[in-house]
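Novice: task: produce atomic coordinates for the following.
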Amino acid sequence: MSAEQATENFLEQKKPQLNFIKTRDDADIVVFEKTANDTFKLSTSNSCSWCGENGEFTQKELRPRIEPWLTSLFQSEHLTLLAGSGLTHAVHLLSTGEKATGMDKIEFSILAKKKLALLQKHQQPAQIVKKEILKIKFG
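Specialist: This is a model prediction of the structure:
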């Protein structure tokens, strides 16, 4: 690693980790960063009604802002409406590294083998073979 890359990495680590929230009666997006002692501080010239005068607050003040929104998000109707199956697929991809099963057409290997065996065995017109395949599928 070159000195320039090391310097860039160091500066990147020193940048404050900004967080964003806008709930209920917030007029604008509230930008804040985590400080020492598990407290948060408003960034730049932000202001909000639920924050202390000095611009610092704790999880105690933050929780009532986020919790109702998060609760309603994870109620099934709201989650389905907002995210559909996209959230499920995203979580599956992030956790396993593979795509989740979708609604694509799936070729079942056992059925394909039986179908091929019938075609090879009978060598008959397609209509007869189709009847045999339907018997396999639906009993």
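
Novice: what sits against Leu18?
Specialist: With contacts defined as Cβ atoms under 8 Å, 6 or more residues apart in numbering, the neighbours of Leu18 are Val31, Phe32, Glu33, Ser43. For the C-beta atoms, the positions are set from N, CA and C on the backbone; glycine is no exception.

Novice: could you measure from the third one over to Ala112?
Specialist: For Glu33, the distance to Ala112 equals 57 Å [Cβ to Cβ, to the nearest Å].

Novice: buried subset of the contacts of Leu18, written for PyMOL?
Specialist: Taking 16 or more other Cβ atoms under 10 Å as the burial criterion, the selection of buried members of the contacts of Leu18 in PyMOL is written as:
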select buried, resi 31+32
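
Novice: now for the contacts of Leu18: which two are most distant?
Specialist: With Cβ to Cβ as the measure, no two of the contacts of Leu18 lie farther apart than Val31 and Glu33, at 7.9 Å.

Novice: which neighbours do these two share?
Specialist: Leu18, Asn19, Ser43.

Novice: ok, what's across the strand from the nearest residue to the second one once chain neighbours are set aside?
Specialist: So that's Asn19. Computed as Cβ to Cβ, 6 or more residues apart in numbering, the closest residue to Asn19 that is not its neighbour in sequence is Phe32, at 5.4 Å. Beta-bridge pairing of Phe32 under DSSP bridges involves Asn19, Leu42.

Novice: my read: Cys48 touches Leu42, true?
Specialist: Yes - Cys48 is within contact range of Leu42, at 7.3 Å (criterion: Cβ atoms under 8 Å).

Novice: more crowded one of those two?
Specialist: In this comparison of Cys48 against Leu42, neighbours counted by other Cβ atoms under 10 Å, the higher total goes to Cys48 at 21 against 18.
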